[in-house]
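Trainee: give me a 3D structure for the following:
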Amino acid sequence: MNTELLEAIQLLEKEKNISKESLIEGIEGSLLSACKEHFKSVDNIKLEMDHDTCEYSLYAEKTIVDGEPEDPELEISKEAAALIEPEKVVGDIVRVPIESKSFGRIATQKAKNMILQRIREEERQVVYNEFKEKEHTVVTGRVQRVIGRSISVNLGHANAILTEKEQARGEHYRQGDLIKLYVVEVKDDSRGPRILVSRTHPDLVRLLFTEEVTEVRDGTVQIMGIAREAGSRTKMAVYSSNPDVDPVGACVGMNGMRVNAVVDQLGGEKIDIINWDENPAYFIENALSPAKIISVAVDPEDRMAEVIVPDYVLSLAIGKSGQNARLAAKLTNYKIDIMSESKAIEEGTLPPDYMAALGDYSDEYDEYEYEEGYEPAEEEADA
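Mentor: Next up is the predicted model:
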């Protein structure tokens, strides 16, 4: 048994997670390559290797000739052949053992390089396969260093680059920080697998809630849609087919424990969790939460909606820099036009039943005055 070679293969198999068969195939190839460097031809060179013991033998098949051989690489005299296989006669093929120790320095170095190359290729393939299975999942990485505006993140057996485009706005990363990342894509590359990760992808939020919320994990609560402005705010619509399960409450958790765990993983990003509804008007109303809505008129064909809100919540409905309305439109896939109550009255676009009810309290309404240019407090607008 070739104990030294067998132990080396077993060690590589354990440490690098490279299959024994693949390593042995690499060794066989390197030995034949060394023969090619040492001899003129390898057509008559044969290799036999026991994959269990790693014992191997190299030999050249030569034809026995009477007298001196014209081509020593392919022929052997009957006198020399008799020392190896005495029973063979002229014209027969005899196996002449080759000692690998006889290979020259260049041939030996080339064989060594081939084995190392095979090990690197197999190691790269193992890492690629490992992370290819993690595509579209969440992994934990440790920040290594800043490279320009990108971040090098160690994922264990491989490194990934978090580009500036995939970084959440306002987040700052320090060496040694542990961060959650969404694996967008894994590509095979000659220098190793290229792993594209993201902190901005909406599915990062989806999978973090899947980890935290049992009801999402078992399918009782479904995440129907996510609209996200990474680093600032996310709106997520949830639904449960089980009437006994409150989907919003399940995601929020007792005392906000579940949603806060996700918020912490996202660096403090605010998350609005709303009820999904198959009725687009109700869904749009929920999506504009926390603003109070007077009416929603939808045009399903053109995917447009006209929303009327009380004057005092107009700024809240639109949100700071239009964020609340923008996320609601993205979540519902409707173009949303938000109008104040006073403007709707002026243009006569309020629903007839609302106008009738308003007429019954016209005196009371006239006494209530809105301040010119009123906007809610900043904390109200950001709620």
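
Trainee: quick one: the helices in the stretch 51-200 of the chain?
Mentor: 78-84, 105-132 (DSSP state H, counting those that start in this stretch).

Trainee: so which of those comes closest to V138?
Mentor: For those, proximity to V138 was assessed by C-beta to C-beta; helix 105-132 is nearest, at 12.7 Å. (Glycine included, C-beta is placed from N, CA and C.)

Trainee: including distance to L266 and mean pLDDT, could the helices of the stretch 51-200 of the chain go into TSV?
Mentor: TSV is the format used below for the helices of the stretch 51-200 of the chain (distance: least, C-beta to C-beta, whole Å; pLDDT from 0 to 100):
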stretch	distance to L266	mean pLDDT
helix 78-84	74	87
helix 105-132	23	75
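
Trainee: return the distance of stretch 154-173 from the chain's centre.
Mentor: For stretch 154-173, the distance from its own C-alpha centre to the chain's C-alpha centre is 12 Å (C-alpha atoms, centre = their mean, to the nearest Å).

Trainee: ah, wrong one, I meant stretch 51-62
Mentor: For stretch 51-62, the separation from the chain centroid amounts to 45 Å (computed by C-alpha atoms, centre = their mean).

Trainee: now that stretch: buried residues?
Mentor: Applying a neighbour-count criterion of 16 or more other C-beta atoms under 10 Å, one finds C54, Y56, L58, Y59, A60, K62 buried in stretch 51-62.

Trainee: ends of that stretch, what's the gap?
Mentor: 26 Å (C-alpha to C-alpha, to the nearest Å).

Trainee: isn't there a helix covering L12?
Mentor: Yes: with the criterion set as DSSP: H, G, I helix; E, B strand; the rest coil, the secondary structure at L12 is a helix.

Trainee: shaky segments in the stretch 251-383 of the chain?
Mentor: Counting by pLDDT under 70, the stretch 251-383 of the chain has low-confidence residues at 351-383.

Trainee: go with 50
Mentor: Low-confidence segments of the stretch 251-383 of the chain, defined by pLDDT under 50: 359-383.

Trainee: any idea how far P247 lies from P69?
Mentor: Between P247 and P69 the distance is 87 Å, computed by C-beta to C-beta, to the nearest Å.

Trainee: and these two? Which one has more around it.
Mentor: P247 (25 against 17; other C-beta atoms under 10 Å).

Trainee: spatially central residue for the protein, please.
Mentor: The C-alpha lying nearest the average C-alpha coordinate of the chain belongs to V183 (C-alpha atoms, centre = their mean; 1.5 Å).

Trainee: bridge partners for that residue, pull those for me.
Mentor: Per DSSP bridges, the residues bridged to V183 are V197.
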